[in-house]
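Engineer: predicted coordinates and the sequence they were generated for:
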Amino acid sequence: MKTNAGRFFEDYQVGQMIRHAVPRTLSGGERALYHALYPARGALYSSDEFARACGLPASPIDDLIVFHTVFGKTVPDISLNAVANLGYAEGRFLAPVWPGDTLASVSEVIGLKENSNGQSGVVWVRTTGVNQRGEPVLSYVRWVMVRKRDAAAPAPVAVVPALAASVAPADLVVPSGLRFDGYDFGLAGERWRLGDYAPGEVIGHVDGVTIEEAEHMLATRLWQNTAKVHFDATNRPDGRRLIYGGHVISLARALSFNGLANAQMIVAINAGAHANPCFAGMTVRAWSEVLDTAETATPGVGAIRLRLVATTETGTDLRGEDGKYRPGVLLDLDYWALMPL
Amino acid sequence: MKTNAGRFFEDYQVGQMIRHAVPRTLSGGERALYHALYPARGALYSSDEFARACGLPASPIDDLIVFHTVFGKTVPDISLNAVANLGYAEGRFLAPVWPGDTLASVSEVIGLKENSNGQSGVVWVRTTGVNQRGEPVLSYVRWVMVRKRDAAAPAPVAVVPALAASVAPADLVVPSGLRFDGYDFGLAGERWRLGDYAPGEVIGHVDGVTIEEAEHMLATRLWQNTAKVHFDATNRPDGRRLIYGGHVISLARALSFNGLANAQMIVAINAGAHANPCFAGMTVRAWSEVLDTAETATPGVGAIRLRLVATTETGTDLRGEDGKYRPGVLLDLDYWALMPL
Amino acid sequence: MKTNAGRFFEDYQVGQMIRHAVPRTLSGGERALYHALYPARGALYSSDEFARACGLPASPIDDLIVFHTVFGKTVPDISLNAVANLGYAEGRFLAPVWPGDTLASVSEVIGLKENSNGQSGVVWVRTTGVNQRGEPVLSYVRWVMVRKRDAAAPAPVAVVPALAASVAPADLVVPSGLRFDGYDFGLAGERWRLGDYAPGEVIGHVDGVTIEEAEHMLATRLWQNTAKVHFDATNRPDGRRLIYGGHVISLARALSFNGLANAQMIVAINAGAHANPCFAGMTVRAWSEVLDTAETATPGVGAIRLRLVATTETGTDLRGEDGKYRPGVLLDLDYWALMPL
């Protein structure tokens, strides 16, 4: 068999390093597509001139393009036989990516725990995206539930990694040269700076977008994510294609411009849950809750910690009376973004 | 409330200058997407070599990409609460835009007139698109009907601007360096030059294109146009998404290649009406009527004034017996394009 | 009539040279779209770094982007009135195409044969794609069945060109500088080299993709292919849009990565048949059969001859008991690709 059937639970060992295939050069083409697929309007990722006024040499490649590209490479090795994508932690953006840069990904298996049913287990990996100079640009942990090839195979010693509940503000990496002292709030779209936000504040982002099959497939392919559930309508009994969770992340983040236009760059992903599956035809809305604010080592550059929720409902409720995510909630993402102080 | 609810009629004053947010750098990526979204084949916008043979340093960014980009920036400030987009006038393309250029938009309110029902009013704005050197690249007037926040608010003094019925040929700006003396009609696709067209001539452009939801949304997002009616299927009782009028303009203009392959660059928009709404599933056809021809200040470069009609019908009738647009007519656009003399 | 109604059978003469309109500059934008439209993962076309490690100055434009671009230009002159696209032969890729290159196409009529029904005839053309320096980048023969304008027109003398059953290995052009001695099989995605494949071997490529209207139209427009059957749902009584055969070629080729990741560059198209029409909603799968392997004049660079079949079925049967293509078979393509020895 020359085709890749994907790894099963017993194919992973703690400490194993997996070098993922197919490096990818990113250009203005990927950026244009990203801006056609999502209502992205963050000025730093839209305008070279705005980025230069913020001390950068040009507009970097969008943070989430980097995330999806690095993530997509891991799919054939990590999640082809995954039953569920369980979570993210300790995600940090370590350096900007520029048009013309080439990204590759490598993952280390940092945890394994077989499920009590003996049919599957949880695999934790720490994935690092690197550019063509070998410099890390992104690092994050994710864990997935993976089927066993053979239920009779013995369970490995359980190793559950200790993961930080969130990235500490001191560990956020501000891109070299970034400065907000000449920041043009008018061009950015809103006048709110970090001091205008307070923990507990909830912002409904107003707009909804109805999901199309063609759009989520274009996006998912662009990141060379090959998971068949996203593309093959014959794969599920109900004939529906499951939408890549990253499509929902990007859509919700783009919608959050309305109210968070100055949350310019994602610098950390603290946690994330794909609470319910997303399918074409759903109309997705987003709301954010301010979880924290912090200074960074760079004068004038603050950080805002946000809960970003994508939902098919119109309210801003997260959980039902039973403590579980409400049925309309698709995404619950906890991240840090840079914002003018 | 940190989110933008948009301006209402009483938020505008004549003379007010509105600087729109989120400048945008355009690249070959936006061009590639434009050529995937519309059957565009104009040689000057398709080939760097053809453009160089016409005296330009490279192929400029398509005229309508510039229009949509400049227009899109105005939506959050001008038409978020618009009931209808009523018209365009005095549109002039003032300088070519090149890959790598960054566009921003500014609008001046030049007219206001409350409707007799007291519920809404008409706002006229003159919008200017500028590049990163502050040079104007496009200027046009549009007027929209905008809801009042409070019907009881007093009506402003009515100011209705005097607008030219069309841009005078002497006011058309021919891009610096453009020359058609070595023009290759074979590569351009047709042998007809300006002298082959006569006012009154009607050209049916043969082909039809059936509209898809994913395509009009990709296009509309690409221009950072945020009007929710285009994206949210829950926004109207009938569950249909209203298609951005500019999508119809670009589609019809691209279809007009067949018969007008040498109408290379739009240099003015004299008038325009979105006669009926467009929805996914419609099959859109186009026909043109030659309204006028003129010379320009540049030897060899002529101008053709065209009525471009997009319609779901197969004939070339514009109005019914009642003098109103036929129900299938979506667009009636009056523009000038440059063509070899 | 200024519009192009296309040529009919009696408009062709053997020896006629047809210079096709609208040259096209290709950039990173077209590449990004290609990678969004198809699950393409070939490392040489994904990463500038990988291409440099293989001796090339950068990642070339994907082979099939070149094919579709050159092909698209011929449609208004060759196949606007075609009843069927009958076959391909003697296709050779002659030089890599780089971002920024401009392609144009020219065709020579090399054969004509009227059908016995007197209503139509077969036209053979040899099409050459050339870059901005006039260098040929691709040459292939295709033949199409074209309607006659007037059934009473006399039949031309039949000229049926003698075509090679396949391109001889000695005629394959290996791009200048290409070398596989430092080839990184890990980054490429699979460990199989030419010696691991044997004629007769059949590889099922596992994944299926369900076709969307928006996607095939975006692709077909990107190549400036104007055949109305692809875009106009009112064109057929059943309201379906016929999908450009090249969309199926690209989809199947991209799916074949899984099992043929090291079949890096297509260098010849020996033969091809669009066995059955493809429509939106179909789920397309692919399988390949190894037909031959060969060395090339470049040390370390081998060639693999493959039959690539796109099908809506899950098996790898090509023909039914009647010897005809099975109803699910959409494409039967015979090509040569370069692979590390």
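Structural biologist: Good, I have the coordinates.
Engineer: which residues touch the closest residue to residue A:11 other than its chain neighbours?
Structural biologist: Distances taken as Cβ to Cβ, 6 or more residues apart in numbering or on different chains put residue A:149 closest to residue A:11, at 7.6 Å, once the chain neighbours are dropped. (C-beta placed from N, C-alpha, C; glycine too.) Going by Cβ atoms under 8 Å, 6 or more residues apart in numbering or on different chains, residue A:149 touches A:8-11.
Engineer: okay, residue A:149: pLDDT?
Structural biologist: Residue A:149 is assigned 93 on the pLDDT scale.
Engineer: tell me which element residue A:127 falls in.
Structural biologist: Secondary structure assigned from DSSP states H and E places residue A:127 in strand A:120-130.
Engineer: how far off centre is that strand?
Structural biologist: For strand A:120-130, the gap between its own C-alpha mean and the chain's C-alpha mean amounts to 14 Å (Cα atoms, centre = their mean, to the nearest Å).
Engineer: CA atoms of that strand as PDB?
Structural biologist: Only the C-alpha atoms of strand A:120-130 are listed here, as PDB (Å, rounded to 0.1, in the frame of the first residue of the first chain):
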ATOM      1  CA  SER A 120      -9.300   5.000  21.100                       C
ATOM      2  CA  GLY A 121      -7.000   7.300  23.000                       C
ATOM      3  CA  VAL A 122      -5.900  10.900  23.300                       C
ATOM      4  CA  VAL A 123      -2.700  12.100  21.700                       C
ATOM      5  CA  TRP A 124      -1.100  15.400  22.700                       C
ATOM      6  CA  VAL A 125       1.300  17.000  20.300                       C
ATOM      7  CA  ARG A 126       3.300  20.200  20.400                       C
ATOM      8  CA  THR A 127       3.500  21.600  16.800                       C
ATOM      9  CA  THR A 128       6.100  24.100  15.700                       C
ATOM     10  CA  GLY A 129       5.900  26.000  12.400                       C
ATOM     11  CA  VAL A 130       9.200  27.200  11.100                       C
END
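Engineer: what residues does the stretch 201-341 of chain A put near chain C?
Structural biologist: The stretch 201-341 of chain A has residues A:212-215, A:217-219, A:221-222, A:224, A:226, A:228, A:231-235, A:241 near chain C, with proximity defined as Cβ under 8 Å from any Cβ of the partner chain.
Engineer: and the residues you listed, which of them are buried?
Structural biologist: Applying a neighbour-count criterion of 16 or more other Cβ atoms under 10 Å in any protein chain shown, the buried members of those are A:212-215, A:217-219, A:221-222, A:224, A:226, A:228, A:231-233, A:235, A:241.
Engineer: helices of the stretch 101-250 of chain A, start to end?
Structural biologist: A:185-188, A:213-222, A:245-255 (DSSP state H, counting those that start in this stretch).
Engineer: thinking again about what came up before, which one of the contacts of residue A:149 is nearest chain B?
Structural biologist: The closest of those to chain B turns out to be residue A:8 (Cβ to the nearest Cβ; 35.5 Å).
Engineer: and that closest one, how many neighbours?
Structural biologist: For residue A:8, the neighbour count with other Cβ atoms under 10 Å in any protein chain shown is 18.
Engineer: was I right to think it contacts residue A:79?
Structural biologist: No - if you go by Cβ atoms under 8 Å, residue A:8 and residue A:79 don't touch, sitting 11.8 Å apart.
Engineer: common neighbours of those two, please.
Structural biologist: Residues touching both residue A:8 and residue A:79 (Cβ under 8 Å, 6+ apart) are residue A:146.
Engineer: other SSEs contacting the strand holding residue A:127?
Structural biologist: With contacts taken as 3 or more Cβ pairs under 8 Å, 6 or more residues apart in numbering or on different chains; DSSP states H and E, strand A:120-130 sits against helix A:63-78, strand A:82-93, strand A:102-114, strand A:136-147.
Engineer: and the ones you listed: which comes nearest chain C?
Structural biologist: Among the helices and strands packed on strand A:120-130, the nearest to chain C by Cβ to the nearest Cβ is strand A:102-114 (4.5 Å).
Engineer: how big is the angle separating the closest one from strand A:120-130?
Structural biologist: Orientation check (axes from the mean of the first three to the mean of the last three Cα atoms, to 10 degrees): strand A:102-114 against strand A:120-130 gives 160 degrees.
Engineer: what residues of strand A:102-114 count as buried?
Structural biologist: Quick answer for strand A:102-114 (16+ other Cβ under 10 Å): A:102-107, A:109-114.
Engineer: what's it packed up against?
Structural biologist: The helices and strands touching strand A:102-114, judged by 3+ Cβ pairs under 8 Å, 6+ apart, are strand A:17-19, strand A:24-25, helix A:63-78, strand A:120-130, strand A:136-147, helix C:48-53.
Engineer: so which residues on the stretch 151-300 of chain A come close to chain B?
Structural biologist: So far as Cβ under 8 Å from any Cβ goes, the stretch 151-300 of chain A lies against chain B at A:186-190, A:192, A:196, A:203-210, A:212-215, A:258-261, A:283.
Engineer: swap in the stretch 1-150 of chain A?
Structural biologist: Neighbours of chain B within the stretch 1-150 of chain A, by Cβ under 8 Å from any Cβ: A:27-33, A:35-39, A:41-43, A:46-50, A:59.
Engineer: reformat the helices and strands packed on strand A:102-114 as JSON lines; add mean neighbour count.
Structural biologist: Converted to JSON lines, the helices and strands packed on strand A:102-114 look like this (neighbours: other Cβ atoms under 10 Å in any protein chain shown):
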{"stretch": "strand A:17-19", "mean neighbour count": "14"}
{"stretch": "strand A:24-25", "mean neighbour count": "24"}
{"stretch": "helix A:63-78", "mean neighbour count": "24"}
{"stretch": "strand A:120-130", "mean neighbour count": "22"}
{"stretch": "strand A:136-147", "mean neighbour count": "21"}
{"stretch": "helix C:48-53", "mean neighbour count": "21"}
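Engineer: figure out which of those is closest to residue B:17.
Structural biologist: For residue B:17, the closest of those is helix A:63-78, at 33.2 Å, according to Cβ to Cβ.
Engineer: CA atoms only: put that closest one into PDB for me.
Structural biologist: Below are the C-alpha coordinates for helix A:63-78, written out as PDB (Å, rounded to 0.1, in the frame of the first residue of the first chain):
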ATOM      1  CA  ASP A  63      -1.900  35.500  11.900                       C
ATOM      2  CA  LEU A  64      -4.500  32.900  11.200                       C
ATOM      3  CA  ILE A  65      -3.200  32.100   7.700                       C
ATOM      4  CA  VAL A  66       0.000  31.100   9.500                       C
ATOM      5  CA  PHE A  67      -2.000  29.000  12.000                       C
ATOM      6  CA  HIS A  68      -4.000  27.200   9.300                       C
ATOM      7  CA  THR A  69      -0.900  26.600   7.200                       C
ATOM      8  CA  VAL A  70       1.100  25.100  10.000                       C
ATOM      9  CA  PHE A  71      -1.900  23.100  11.200                       C
ATOM     10  CA  GLY A  72      -2.800  21.800   7.800                       C
ATOM     11  CA  LYS A  73       0.500  20.100   7.400                       C
ATOM     12  CA  THR A  74      -0.100  18.100  10.600                       C
ATOM     13  CA  VAL A  75      -3.400  16.600   9.500                       C
ATOM     14  CA  PRO A  76      -2.100  13.600   7.500                       C
ATOM     15  CA  ASP A  77       0.100  12.600  10.400                       C
ATOM     16  CA  ILE A  78      -2.000  13.600  13.400                       C
END
